[in-house]
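Participant: only the shape, not the letters, is given here:
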């Protein structure tokens with residue numbers, strides 16, 4: 001069997017394997033967070049969480065609830081139902097970040113799942129004075145914008161091509177803050193290389209064994225996210 005091309009969209013078999021993970025996302029607001037190790041490490045640090053395309057803050061409810069249990073102050077994006085990224089939605093995200101940084105009196109860690117990670121990286125590029133760290137979960141920030149199985153959906157929902165963004169920002173440029181990319185070879189939506197990025201595009205990359213739809217909804221994946229945040233924000 002030929003080796004898989006990390007720069008190519010995932011095969012159909014991986015995409016189909018994602019579908020059972022949609023139910024845990026839908027039920028996220030109803031699911032109880034389990035206690036995670038090192039529960040006090042968060043130290044009250046604020047974390048702003050951005051959901052992926054075709055979802056809203058309800059999809060990150062379990063993730064945020066677990067972050068709170070781990071000692072962080074998690075916050076929803078308040079962007080509503082996300083269908084893409086435009087100057088208008090980014091302006092809302094900028095206002096949200098500014099309000100949180102002011103209210104918390106400190107820098108905010110940004111956590112973005114899939115498309116949500118594009119919001120996080122661009123915000124950190126524009127406002128590094130407000131951002132402590134950016135962590136992306138299966139975010140296609142690097143390489144070919146069509147190296148995924150979601151670009152056709154994106155173009156159907158938006159009035160621009162996936163590689164012709166209405167924003168002047170390039171999400172592949174590393175923000176001047178610590179930037180960590182979580183990616184998976186089991187991802188059925190995003191090409192591994194696109195979510196991993198090149199060495200000059202992020203500070204660290206972490207391979208995880210989770211599917212794309214599970215990255216922010218399964219308890220093992222969320223525990224790993226907390227572990228990575230603890231390790232990078234504990235100093």
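Facilitator: Perfect, I can see it now. Quick caveat: nothing in here was measured; it's all calculated off a predicted structure. Numbering: from 1, shown residues only.
Participant: which regions of the chain lie under the pLDDT threshold?
Facilitator: Screening the chain residue by residue with the criterion pLDDT under 70, one finds the ranges 1-3, 36-40, 234-235.
Participant: and the strands in this structure?
Facilitator: Residue ranges of the strands in the chain, as given by DSSP state E, are 46-50, 73-76, 108-113, 131-137, 179-183, 204-207.
Participant: out of those, which is the most enclosed?
Facilitator: Among the strands of the chain, judged by mean count of other CB atoms under 10 Å, the one packed with the most neighbours on average is strand 108-113 (a mean of 29). Glycine gets a C-beta too; all of them are placed from N, C-alpha and C.
Participant: what packs against the top helix by length along the chain?
Facilitator: What stands out as the longest helix in the chain, according to DSSP state H, is helix 87-104. With contacts taken as 3 or more CB pairs under 8 Å, 6 or more residues apart in numbering; DSSP states H and E, helix 87-104 sits against strand 46-50, strand 73-76, strand 108-113, helix 115-126.
Participant: if you count contacts, what does the second one end up packed against?
Facilitator: Going back to what we said before, that points to strand 73-76. The helices and strands touching strand 73-76, judged by 3+ CB pairs under 8 Å, 6+ apart, are strand 46-50, helix 61-69, helix 87-104.
Participant: cool, and the last one?
Facilitator: In terms of contacts (3+ CB pairs under 8 Å, 6+ apart), helix 115-126 is packed against strand 46-50, helix 87-104, strand 108-113, strand 131-137, strand 179-183.
Participant: tell me what angle that helix forms with strand 179-183.
Facilitator: Computed by axes from the mean of the first three to the mean of the last three CA atoms, to 10 degrees, the angle separating helix 115-126 from strand 179-183 equals 170 degrees.
Participant: deepest of the helices and strands packed on strand 73-76, which one?
Facilitator: strand 46-50 (a mean of 26).
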